[in-house]
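In: Need coordinates for the following:
(chains A and B)
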Amino acid sequence: MFTLKRKWMMSGLGIFATAALLAGCGSAAGGTTPTQQAQGQTTPASNNQGPVEIAFWHAMGGGLEPVIQELVSHFNSTHPNVHVTATFQGNYDDELNKFRQSGKEDGPDVIQVYDIGTRYMIDSGRIVPMQQFIDQSQFDLSKFEPNVLGYYSVDNKLYSMPFNTSNPVLYYNKDAFQKAGLDPNKPPRTYSEFAQDAQKLTVKNAAGTTTQYGAGIAIYGWFFEQELAEADALFADNNNGRTSRATAAVFNQSAGVNFVNWWKSMIDQGSMANLGRNTADTQKAFEDGKIAMTLDSTGGLTPIVDAVGNKFKVGVGYLPKPDNVPQDKGGVIIGGASLWITNSHPDKEEAAWEFVSWLSQPEQQALWHAKTGYFATRTDAYDQPIAQQFHQKYPQLEVAINQLHDTKLDYATQGALVGTMTQARQEVESAIESVLGGQQPTQQALDQAAQQISSQIKQYNLQTGK
Amino acid sequence: MYESEPPFSLEVAQQPAASIRKRRKLPLKRAGEMGIALGYMAPGLLLLGLFLFYPAIRALWLSLSTTDLDGKITGFVGVAQYRLLFTSPAFWTSLRATLLFAVIVVPSTLLVAMGLALLADRELPAIGLFRTLFASPMAASVSAAALIFQLFYNPASGVLNDLLQHMGLGPVPWLTAPGWALFSVALISIWMNVGFTFLLLLGGLAQIPRELYEVADLDGISPWQRLTRITLPLWSPTLFFALIVTMISSFQVFGQINILTRGGPIGATNVLVYDIYRNAFFNFQYTSASAEAMILFAIVIVLTLLQFRIGERRVFYR
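Out: Prediction:
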């Protein structure tokens, strides 16, 4: 009997432990209470009781994060009425996922979202269009890059403030050009020039193994989208989803097929290496001199030039264009990310706008440009001394900036506004892989991908209820 | 003392049956014990319920519904999502990749770990060092391992292809060809699994009474008979456990695929868990992700039960 009692006591301990655990969970959940209180205290900040707290989420990891922190602490020290806390939330995808799971209390007031998240952010119903603040404060956008504004404008409204922007460019090994008897100051401009140069740049050893491929392009859907824009062709219907909501993918036309065929023909000839999806792998191959030309983001310019060092001279050129498209048509789409103001706390929106508009000033944009290699969102930032020093060190940047300025803004170069772009990229990448591997003819692979993506877009539109 | 004791005690096996019979005679006392048992289990049940059973039931519910972009349920559609999956070729490709992955990983892991455990199960100078080395892969995190293998597999300047080239063999498209990618990713899993499985199996070996081997040696048994007649039967409970654990974990492979191939090329490494991840967190397809999770759950349950039914007959519990 006694033992049974003891057992009951012990088991009671178990229940007690459970209760304690529950309480633990409760207090863990209640852990937000102090912050809520803190927020409660700052809410009357408008009544001049300390700075307004702004939560800023971003996806700039690695060497980019210190630059963000530098900008933020500079802002905080010069703006006593606002205090911004910047938090790195993982890469763009992870960050957006966290945003989707967050509520009004634990979510951000300002969030950086990648280019292809634009449609979703608008549909989320959780943001205030940037245009509202621009109109209210009569903010001057005249010095901004028109192509950069173009991407983030929907129905003639700027929904978010462009922040970090980049483009793809052609990188080439100037020394290899010289050895192959090509002019190192004349990179290829068209598909056929590129293919001819690639063949000349391919080097084999005595045993017949290729020691240097003419070129290599990572299987990354972004390049496909960019080459469509080079051909002045559309990715999705309704003018890339710009005149009204996109309902289907239309990239399986001549421009898309032409691009993939061109790529495949070089793989077949042995002048192009297939290095898979990882852009880092292709970048490494270029830095090691295993491929003489590649496509990559301008964001990679400083790391690539630094990694190559004295091994060879790095040249930068425009993205190759299809032969049948005039050089003054089409161009590149801006890539990167922009800043959104959420509607979580209406009383904080003013402070959030103060921060966002401050980041867009020429001084901040020049510092950001010079320390990261991303473009400035406005042209007058390039007149700042820090930007000019940067260009002296990396003269290749001029080419990249010129390419952006030479791009005429139209629906093709404005870029596709599709809610399921992340998914669409995967489908396109799979299609390219199956063509390069010889599993499917180009037209069939692209038709299939377009069909898949179209049904995904329709599903998305159903889910948004629009 | 050893000689007088039979190697396997039959008494032990009979004991539980006897006590069950006793308990049935006293239902009241039994109820009391049940209450005590529940009290003891309460913390565990609560944790499991909170973090396992409740989410699982929610996932089942989600798989029968439609949602908006943020995963909030907007309607009930029954098994429509399942029907859609079973008619989608992409789902079958994913399922095939998952099964193929398990078929590559599970037997290889077990065989390598068995070999290493047999090697390390002897008293040699510095054997602790070898045991530590053999078990060390379990200390590596998936992402660290994947990044290191990424350097090995690098198509342009990877160590593996350089080695092959020195031996006069052509470069292997480790991660870029659909035929190779799953194998390359599986190799990482094998390497990572071997550490823990080795440790588990070594523990199993240590539990085999030494006196059995001593007796067998006196009888002049051959090394092969020693392995098949004594070691394997007595090892079988541990082997069986290792088999199930390895199988379940190989159905859940994710990290190295997310880092190295992202499901490509052409879906060759798009295993179910990765597909679930893409659907739930990128594609706004919460319901089809949930349905896939339910199917994966069913497959793992069925396979585990099958193994218990078939495998356990061969397992020898002392």
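In: rest of the way, CA atoms for contacts and neighbours
Out: Fine.
In: Buried by neighbour count: which residues of the longest helix along chain B qualify?
Out: As assigned by DSSP state H, the longest helix anywhere in chain B is helix B:89-120. Under the neighbour-count criterion of 16 or more other Cα atoms under 10 Å in any protein chain shown, helix B:89-120 has B:91, B:93-102, B:104-106, B:108-110, B:112-114, B:116-117, B:120 buried.
In: Of those residues, which are in range of chain A?
Out: Filtering the buried residues of helix B:89-120 for proximity to chain A by Cα under 8 Å from any Cα of the partner chain leaves nothing.
In: Beyond the longest helix of chain B, next helix or strand please.
Out: helix B:127-135 (DSSP states H and E).
In: Show me the shaky parts of chain B.
Out: B:1-28, B:314, B:318 (pLDDT under 70).
In: got the domain boundaries for it?
Out: Following automatic domain parsing, one gets these domains for chain B: B:1-57, B:84-314.
In: Please work out which of those is packed deepest.
Out: Among these, domain B:84-314 has the highest mean neighbour count (mean count of other Cα atoms under 10 Å in any protein chain shown), at a mean of 18.
In: any idea how far the closest residue to B:Ala140 other than its chain neighbours is from chain A?
Out: Distances taken as Cα to Cα, 6 or more residues apart in numbering or on different chains place B:Met192 nearest to B:Ala140, at 7.5 Å, with adjacent residues excluded. Using Cα to the nearest Cα, to the nearest Å, B:Met192 is found at 23 Å from chain A.
In: which residues touch B:Met192?
Out: Taking Cα atoms under 8 Å, 6 or more residues apart in numbering or on different chains, we find B:Met192 in contact with B:137-138, B:140, B:142, B:145.
In: List the ones among those residues that fall in strands.
Out: Using DSSP state E, no member of the contacts of B:Met192 sits in strands.
In: what's the span of stretch A:202-218, first residue to last?
Out: 18 Å (Cα to Cα, to the nearest Å).
In: what does the stretch 1-150 of chain B put close to chain A?
Out: Near chain A, when you scan the stretch 1-150 of chain B using Cα under 8 Å from any Cα, you find B:36-43, B:46, B:67-70.
In: Please identify which of the domains of chain B is closest to A:Asp123.
Out: Nearest of the domains of chain B to A:Asp123, taken as Cα to Cα: domain B:84-314 at 12.7 Å.
In: Which residue comes closest to the residue of the stretch 151-300 of chain A found nearest chain B once chain neighbours are left out?
Out: Of all residues in the stretch 151-300 of chain A, A:Gly276 sits closest to chain B, at 4.9 Å by Cα to the nearest Cα. Leaving out its chain neighbours, the residue that sits closest to A:Gly276 by Cα to Cα, 6+ apart is B:Thr176, at 4.9 Å.
In: Spit out the contact partners of the residue nearest to the spatial centre of chain B.
Out: The centroid of chain B falls nearest to B:Thr246 when counting by Cα atoms, centre = their mean (2.2 Å). B:Thr246 makes contacts with B:106, B:109, B:193, B:197, as judged by Cα under 8 Å, 6+ apart.
In: If we use 6 Å, what do you get?
Out: B:Val106 (Cα atoms under 6 Å, 6 or more residues apart in numbering or on different chains).
In: element containing it?
Out: Using DSSP H and E, B:Thr246 falls in helix B:232-251.
In: ok and that helix relative to helix B:89-120, angle-wise?
Out: Taking axes from the mean of the first three to the mean of the last three Cα atoms, to 10 degrees, helix B:232-251 and helix B:89-120 form an angle of 140 degrees between their directions.
In: Confirm that A:Gly181 sits in a helix.
Out: No - assessed with DSSP: H, G, I helix; E, B strand; the rest coil, A:Gly181 is coil; it does not lie in a helix.
In: Contacts made by the helix or strand following the helix holding B:Thr246 with the rest, please.
Out: Next helix or strand after helix B:232-251 toward the C-terminus (DSSP H and E): helix B:255-260. With contacts defined as Cα under 6 Å, 6+ apart, helix B:255-260 is touched by B:142, B:146.
In: C-terminal to helix B:255-260, what's the next element?
Out: helix B:272-281.
In: So which elements touch that next one?
Out: helix B:286-306 (3 or more Cα pairs under 6 Å, 6 or more residues apart in numbering or on different chains; DSSP states H and E).
In: Please see if the helix it packs on touches chain A.
Out: No - using Cα under 6 Å from any Cα of the partner chain, helix B:286-306 stays clear of chain A, with a minimum separation of 11.1 Å.
In: Contacts for that helix next, please.
Out: Under Cα under 6 Å, 6+ apart, the answer for helix B:286-306 is B:59, B:62-63, B:81, B:276, B:279-280.
In: chain center to that helix, what's the gap?
Out: 15 Å (Cα atoms, centre = their mean, to the nearest Å).
In: do stretch B:197-204 as well
Out: That offset, for stretch B:197-204, works out to 14 Å (Cα atoms, centre = their mean).
In: Any chance you could list what contacts that stretch?
Out: Taking Cα under 6 Å, 6+ apart as the rule, stretch B:197-204 contacts B:113, B:117, B:235, B:238.
In: Only C-alpha atoms, please: export it in CSV.
Out: Provided in CSV are the C-alpha atoms of stretch B:197-204 (Å, rounded to 0.1, in the frame of the first residue of the first chain):
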residue,chain,number,x,y,z
THR,B,197,25.1,3.4,-37.1
PHE,B,198,28.7,2.2,-36.3
LEU,B,199,28.4,3.4,-32.7
LEU,B,200,25.0,1.7,-32.4
LEU,B,201,26.3,-1.6,-33.8
LEU,B,202,29.5,-1.5,-31.8
GLY,B,203,27.3,-1.2,-28.7
GLY,B,204,25.3,-4.2,-29.9
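In: which parts of stretch A:258-270 are buried?
Out: Across stretch A:258-270, burial judged by 16+ other Cα under 10 Å covers A:258-261, A:263-264, A:266-267, A:270.
In: Which of these fall within helices?
Out: A:258-261, A:263-264, A:266-267.
In: picking up where we left off before, dump the domains of chain B into JSON lines; add distance to A:Thr78 as well.
Out: Shown next, in JSON lines, are the domains of chain B (distance: least, Cα to Cα, whole Å):
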{"stretch": "domain B:1-57", "distance to A:Thr78": "46"}
{"stretch": "domain B:84-314", "distance to A:Thr78": "39"}
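In: Mean pLDDT per helix and strand in chain A: which one sits at the bottom?
Out: Lowest on mean pLDDT, DSSP states H and E among the helices and strands of chain A sits helix A:32-42, with a mean of 40.
In: after that helix comes which helix or strand?
Out: Following helix A:32-42 toward the C-terminus (DSSP H and E): strand A:52-58.
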